[in-house]
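Asks: Got a sequence here, can you build the structure:
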Amino acid sequence: MNIHRIQRVSKLTGLSRDVIRVWERRYGLLRPVRGQNRYRLYTDEDVSLLKYVRAELDKGESIGELAALGREELLARMHASREALEITGSPYERLLAELLGTLEPLDRVTFERKLNGAVVVIPFEEALHGILLPLQRRVGELWHDSRVTAAIEHYVTRQVQQKIFSVMNQMPVAEDGPKIVIACPPGEYHEVGAQAVAYRCRLRGCRVYYLGANVPITDLVKLCVEVRPALTVLSFPVQLPASEVDAVATQLAREVRPFSEIAAGGTGALAERKILEKEGMHVLEDFAKLDEFLSFIPARGAGHHRK
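Replies: Residues are numbered from 1 along each chain as shown. Presented below is the predicted three-dimensional model:
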């Protein structure tokens, strides 16, 4: 589930309901919304933040010092620590190894049972970055090394995509947040990274226009002119020819940049950083940078009329 009542948050974090309420009211660490029945509803991000704060307290930090940093700074530190953990060793290494072990030959029942069982019991944002994205990345590497077939790579990709879209479909439709257009450029059919960006933006209250893979730049520009987004994000998961990247960046700079910030992420964006930055595009090295960038979007004032 993506939205939790306080009893569930207490169970997931090990914190009492009284402590959760105090941290919310006194320190402003949480931002629950009210459901139709007036119950407070907390997001996966709230749950992850509470877990992070509790872990820091166990290390000897004080709640007063942590709260003084503010919610956004704590979230940035939480994401940075999660990314460091992915580099040094994930707590889901054993699960990932077990999932990969079911692919050749494919044991569909075991794969889906293990994956579904793991994703349902932890906050989705943790599942996304600890299980789904690493799984997708490793299967892509196996395919590249000819250790799994294209059919297996497509199967795993669809499983990951289903999980992301399923959670997004449960999220409330944002009506007043900044508009974000997200797409993959022409010739790019790998869209899991773009979907993860769409989820992160939706989770943070943005009005997301998700266009998916292989979007003609002319059509992307036409939509952007119509909706006037605050931010346009392109996902480059693999490196494209420099001439193609330059053509995309030049057209977006000329026709979209006047009214929208433009950002790009993925391995391909990092590889062609100079081309993109030359045209005034922001290169997002990781999801922490995306979160940091999103925190400034409301102040930019672009694309905030309702549509």
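Asks: State the mean pLDDT of stretch 276-286.
Replies: Here stretch 276-286 scores 91 as its mean pLDDT.
Asks: same check, this time on stretch 243-252
Replies: For stretch 243-252, mean pLDDT is 94.
Asks: who touches it?
Replies: Residues outside stretch 243-252 that contact it (CB atoms under 8 Å, 6 or more residues apart in numbering): 185-187, 217, 220-221, 232, 234, 236, 262, 268, 272, 275-276, 278-279, 281. Quick note: C-beta positions are derived from backbone N, CA and C, even for glycine.
Asks: hey, where'd the strands end up in the stretch 1-150 of the chain?
Replies: Using DSSP state E, counting those that start in this stretch, the strands of the stretch 1-150 of the chain run over 3-4, 33-34, 40-43.
Asks: quick one, which of these is packed in tightest?
Replies: Ranked by mean neighbour count under mean count of other CB atoms under 10 Å, these are led by strand 40-43, which reaches a mean of 21.
Asks: Adding distance to residue 63, write the strands of the stretch 1-150 of the chain out as CSV.
Replies: Shown next, in CSV, are the strands of the stretch 1-150 of the chain (distance: least, CB to CB, whole Å):
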stretch, distance to residue 63
strand 3-4, 21
strand 33-34, 24
strand 40-43, 18
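Asks: can those go into JSON lines with extra columns for distance to residue 24 and mean pLDDT?
Replies: Output for the strands of the stretch 1-150 of the chain, formatted as JSON lines (distance: least, CB to CB, whole Å; pLDDT from 0 to 100):
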{"stretch": "strand 3-4", "distance to residue 24": "13", "mean pLDDT": "79"}
{"stretch": "strand 33-34", "distance to residue 24": "12", "mean pLDDT": "79"}
{"stretch": "strand 40-43", "distance to residue 24": "8", "mean pLDDT": "85"}
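Asks: circling back to that earlier point, just the buried ones from the contacts of stretch 243-252, in PyMOL syntax?
Replies: Only the buried entries of the contacts of stretch 243-252 go into this PyMOL selection, using 16 or more other CB atoms under 10 Å:
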select buried, resi 185+186+217+220+221+232+234+236+262+268+272+275+276+279+281
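Asks: In helices, which of the contacts of stretch 243-252 appear?
Replies: Here DSSP state H is the test, and these give 217, 220, 221, 268, 275, 276, 278 as lying in helices.
Asks: Would you mind listing where this structure has pLDDT under the threshold?
Replies: Applying pLDDT under 70 to the chain picks out residues 1-2, 36, 81-90, 298-307.
Asks: Any idea how far the biggest helix by length in it is from the middle of the chain?
Replies: Ranked by residue count, the top helix of the chain under DSSP H comes out as helix 150-170. Taking CA atoms, centre = their mean, to the nearest Å, one finds the center of helix 150-170 at 14 Å from the center of the full chain.
Asks: helices or strands next to the next helix or strand after that helix in the packing?
Replies: Per DSSP states H and E, the first helix or strand lying C-terminal to helix 150-170 is strand 179-183. Counting contacts by 3 or more CB pairs under 8 Å, 6 or more residues apart in numbering; DSSP states H and E, strand 179-183 is packed against helix 192-203, strand 207-212, helix 217-227, strand 231-235.
Asks: residues near residue 76, how many?
Replies: 17 (other CB atoms under 10 Å).
Asks: pretty sure it contacts residue 292?
Replies: Yes. The pair residue 76 / residue 292 is scored as a contact, 6.1 Å apart, by CB atoms under 8 Å.
Asks: Which strand residues bridge residue 210?
Replies: residue 182 (DSSP bridges).
Asks: Would you mind measuring from residue 122 to residue 190?
Replies: Applying CB to CB, to the nearest Å, the value for residue 122 to residue 190 is 25 Å.
Asks: An error on my part: the question was meant for residue 120.
Replies: 26 Å.
Asks: And these two? Which one has more around it.
Replies: Higher neighbour count among residue 120 and residue 190: residue 190, with 19 against 11, using other CB under 10 Å.
Asks: Great, nothing more from me.
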